[in-house]
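Engineer: Return a 3D structure for these sequence lines:
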Amino acid sequence: MARVVAYQPVTMRHAQAFLQNISDPGHRGRSQEIKLQILEAAAARIGGFDIKWYWEHQSVRPLNGKLVDKIAENLVSEIGRTNFHPAICLAALATPNLAKSERRMSGSYFTDFRLAQYLASKLDPTLLRRRSIIDPACGSGILLVASVLHFAAYDRKKASHFLGSSVVGIDKNPLAVRAAALSLSALTSDKRTITSLLNNLEVADSIIAVDALKSKFAPSGFGAVITNPPWEKIKITRHEYLAANGIARHYGDDYSHSIDGDDFVQEVDRAKKYSRTLSLKYKLTGGKEIDLYSVFLELCLDIAASDGQISILVPAGLIRSQSTERLRTHFFESCSVSKISIFENRARFFDIDTRFKFLTVYGQKGQPRNSHSVILAHPRANETSITDGDRVVLPGRSLRRVRRDLSVPEVRNRAEWQLFQKIAQRHPSLLEWGKAFGMSFMREIDMTKDRHLFNRKSFRQSIPLVEGRMVHQYSSTAKSYLSGTGRRAKWISQNKPSTPRPQFWIERGKLPHSVLNRIRHVRAGFCDITGQTNERSMLAAFIPKNAVCGNKVPTIAFSMDVDDLVLPSVFLSIVNSFVFDWLLRRICTTTVNYFILQSVPFPQIDIHSPLAARLTQLVQRLSSRSAPFGRWEDAEIRTEIEALILRAYNLTMNDLELMMKDFPLLDRGECPIRGELRSTITRDFTLLKCANHLGHQTRQFNVWTKRVDEAKAQGAVPYRPSHLVKDESDHFYTESAGRN
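Structural biologist: Next comes the predicted model:
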């Protein structure tokens with residue numbers, strides 16, 4: 001997978017060049033100081049204040065005043081060519097250059113200018129009522145700059161007045177606070193305003209010093225809190241420690257470097273102590289490993305006034321995760337207004353996978369009126385701005401009925417919300433269904449802790465280790481190992497029956513008794529690394545006897561005394577269906593954990609019924625093929641299963657048509673119908689066959705028939721994964737999804 005480059009550095013690359021040309025590789029501290037002085041001089045030019053006075057007030061010793069001023073003049077000229085306010089540009093340019101490990105230790109994280117303006121635009125200036133606004137993790141000040149511009153409606157006089165009386169910024173990193181000072185100072189020429197502003201910017205750990213900060217700046221609470229907090233867990237891993245010490249490696253690689261001395265142990269102990277301190281102070285964070293963003297959201301709710309506003313950028317786990325249930329509930333119960341905007345990284349806000357999802361969350365504190373509602377939005381972003389897209393209102397009582405933990409299903413419109421409600425109200429969860437049959441989950445082998453058990457060659461008493469990348473729908477040998485380690489491992493797709501060719505083997509005698517007992521039976525397993533926008537989100541298959549699964553392939557077994565294959569077959573037929581996949585996509589992010597999986601609505605199929613018998617027969621036919629995709633006869637079986645599951649969920653063809661719109665990545669490798677850009681063979685064939693199986697009369701029947709015939713003539717095959725088509729032409733591909 002190609003490396004994703006965030007858009008902000010690209011659009012600022014010409015301005016950034018002025019700063020890079022004066023860097024001193026041999027003296028990093030000196031390079032940072034030169035950069036800050038140039039930016040401060042640029043801020044003085046933009047704001048109209050005296051830079052000498054500013055440096056004296058800040059106790060800054062100029063390195064080369066004339067040279068710095070000349071570079072600043074050129075920089076201001078370059079900034080003028082951008083489409084953003086100069087102070088916004090300064091905040092973007094002032095971001096300290098920190099390695100990942102340094103960002104974790106300092107707590108300094110920074111924000112794309114489009115997101116900064118979007119977060120600020122959610123705040124209502126009329127509700128501030130002469131009270132202060134704070135960013136408790138201000139970084140280079142871009143959110144505060146955007147807020148001042150929003151509140152002042154880009155009026156310079158109003159901005160100067162607001163800046164001097166109402167802006168508070170806190171950060172652990174002194175360089176970040178200094179950057180915030182220059183960015184905000186560029187909004188005014190008034191020395192008294194700048195002096196007042198500088199007194200309101202502090203170097204501190206907000207989540208530790210919260211009481212002192214609130215007492216000093218806003219005893220009755222802040223009128224608005226806006227922030228992009230750290231998104232990291234408080235822990236130190238061997239991988240990150242080695243990376244911070246200059247040892248390059250990829251996740252999943254063997255640890256060829258040892259960790260010497262006490263430094264690593266001290267770092268781990270320091271992180272544990274900090275975590276314990278926070279867990280005592282913040283009661284809603286949950287879990288053994290604390291996410292800093294959840295701590296900051298609790299902090300925001302604490303320091304905001306009784307009718308104050310909150311605008312915060314957080315990962316999508318806030319509305320998904322089991323560990324955030326108490327915090328999520330507290331947020332909804334504390335706010336009279338709640339607005340959640342769901343983003344994908346397709347506009348390259350961050351240098352991470354474009355499929356990564358995150359949220360902007362707005363809340364106005366106050367007693368909810370009657371039943372509190374959540375407004376869910378799906379904004380659209382381009383290279384310069386963000387606009388609100390589709391919106392749907394989720395009434396609080398309705399949400400509580402279908403998601404008792406108040407996790408928010410990602411529905412894009414009223415039709416999807418109504419469909420989700422209909423299914424959830426008619427059918428209990430997988431957890432309730434599984435209780436009757438003694439359903440149990442297990443992670444059989446840990447790919448890190450049990451790595452000492454792994455062998456790359458098989459021998460008499462060894463058994464294959466099934467990894468996540470080997471599992472696809474109805475197949476646990478969908479890929480075979482070729483070479484390499486970690487994310488650089490090379491695998492080839494399997495489309496013919498074959499024995500497993502795993503990366504690792506494990507000696508049977510070294511397995512715990514609980515695992516030995518489990519692998520004596522056939523059970524179901526699934527790949528828990530996924531994505532809402534993947535080709536398919538749920539990939540589940542039979543795990544054969546005498547094979548053991550890594551921790552990315554949790555297994556499901558049933559203790560009820562029935563035919564060994566009936567319950568796993570019924571389970572697989574449901575979870576591999578489009579209906580279940582659509583439901584799962586509403587509530588998952590990048591993993592399918594037990595909490596998420598067990599909460600999905602599940603049809604209550606009688607395991608002694610003809611329906612269960614037929615599903616078992618069909619699943620057995622598919623699974624016996626080892627790689628059940630690439631043949632029309634396989635597709636016929638798949639569509640019959642889809643029709644039976646659609647009926648089990650009591651759904652209609654209209655419901656299925658709506659659901660199928662959620663799978664745009666299907667058939668990327670198939671030949672399209674002449675005159676079209678993309679194949680839709682799986683969608684057309686599924687709708688056609690389901691309508692036929694269910695006896696539904698529809699005007700689209702003839703259209704689907706014609707499209708299927710034309711696609712078949714072009715060589716298209718339904719249900720064939722796109723990577724399989726690619727592998728057939730390229731022979732192999734490098735696995736980059738990181739499924740271990």
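
Engineer: Do you have the strands of the stretch 301-450 of the chain handy? List them.
Structural biologist: 304-315, 335-344, 357-365, 373-381, 386-395, 440-442 (DSSP state E, counting those that start in this stretch).

Engineer: Can you say which of those strands is nearest to Pro219?
Structural biologist: Nearest to Pro219, of all the strands of the stretch 301-450 of the chain, is strand 304-315, at 10.2 Å by Cβ to Cβ. C-beta coordinates here come from the backbone N, C-alpha and C atoms, glycine included.

Engineer: Show me what that closest one is packed against.
Structural biologist: Applying 3 or more Cβ pairs under 8 Å, 6 or more residues apart in numbering; DSSP states H and E, we find strand 304-315 packed against helix 113-121, strand 222-227, helix 292-303, strand 357-365.

Engineer: winner for burial among these?
Structural biologist: By mean neighbour count, with neighbours taken as mean count of other Cβ atoms under 10 Å, strand 222-227 ranks first of these at a mean of 27.

Engineer: From Glu232, how far out is Lys272?
Structural biologist: From Lys272 across to Glu232, the span is 15 Å (Cβ to Cβ, to the nearest Å).

Engineer: which one of those two has more residues nearby?
Structural biologist: Neighbours were tallied for Lys272 and for Glu232 using other Cβ atoms under 10 Å; the higher tally belongs to Glu232 (17 against 13).

Engineer: Just confirm that one contacts Leu292, I think it does.
Structural biologist: Yes: taking Cβ atoms under 8 Å as the contact criterion, Glu232 and Leu292 are neighbours in contact, 5.7 Å apart.

Engineer: bridging residues for Ala304?
Structural biologist: According to DSSP bridges, Phe222 are recorded as the beta-bridge partners of Ala304.

Engineer: In the stretch 201-350 of the chain, what residue spans correspond to helices?
Structural biologist: For the stretch 201-350 of the chain, the helices identified by DSSP state H, counting those that start in this stretch occupy 210-217, 238-244, 263-281, 292-303, 325-334, in order along the chain.

Engineer: and Val575, which of the ones you listed is closest to it?
Structural biologist: Of the helices of the stretch 201-350 of the chain, the one closest to Val575 (Cβ to Cβ) turns out to be helix 325-334, at 23.6 Å.

Engineer: And that closest one, what does it pack against?
Structural biologist: For helix 325-334, the packing partners by 3+ Cβ pairs under 8 Å, 6+ apart come out as helix 292-303, strand 357-365.

Engineer: okay, the ones you listed in a markdown table with mean pLDDT and distance to Ile681 next?
Structural biologist: As requested, the helices and strands packed on helix 325-334 are exported to a markdown table (pLDDT from 0 to 100; distance: least, Cβ to Cβ, whole Å):
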| stretch | mean pLDDT | distance to Ile681 |
| --- | --- | --- |
| helix 292-303 | 96 | 42 |
| strand 357-365 | 95 | 28 |
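
Engineer: In JSON lines, list these along with distance to Gln494.
Structural biologist: JSON lines is the format used below for those (distance: least, Cβ to Cβ, whole Å):
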{"stretch": "helix 292-303", "distance to Gln494": "40"}
{"stretch": "strand 357-365", "distance to Gln494": "31"}
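
Engineer: where in the chain is pLDDT low?
Structural biologist: Under the criterion pLDDT under 70, the flagged ranges of the chain are 1-3, 21-29, 97-109, 236-261, 286-288, 369-371, 495-499, 561-563, 625-628, 726-740.

Engineer: quick check: domain ranges of it?
Structural biologist: The record's domain parsing of the chain by automatic domain parsing lists 7-232+291-381, 234-289, 440-730.

Engineer: I'd like those domains as TSV, with distance to Arg401 appended.
Structural biologist: What follows is these, written out as TSV (distance: least, Cβ to Cβ, whole Å):
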stretch	distance to Arg401
domain 7-232+291-381	11
domain 234-289	23
domain 440-730	12
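
Engineer: how about the ones you listed, which one is nearest Leu406?
Structural biologist: domain 7-232+291-381 (5.3 Å).

Engineer: Start and end of that closest one, how far apart?
Structural biologist: Using Cα to Cα, to the nearest Å, the end-to-end distance of domain 7-232+291-381 comes to 12 Å.

Engineer: ditto for stretch 509-526
Structural biologist: As for stretch 509-526, its first-to-last residue distance stands at 25 Å under the measure Cα to Cα.

Engineer: So for that stretch, what gets flagged as buried?
Structural biologist: Of the residues in stretch 509-526, those buried under the neighbour-count criterion (16 or more other Cβ atoms under 10 Å) are Leu511, Val515, Arg518, Ile519, Val522, Arg523, Ala524, Gly525, Phe526.

Engineer: Look at the residue nearest to Ile543 when sequence neighbours are not counted and tell me its secondary structure.
Structural biologist: Leaving out its chain neighbours, the residue that sits closest to Ile543 by Cβ to Cβ, 6 or more residues apart in numbering is Gly525, at 4.2 Å. In terms of secondary structure, Gly525 is strand; the call rests on DSSP: H, G, I helix; E, B strand; the rest coil.
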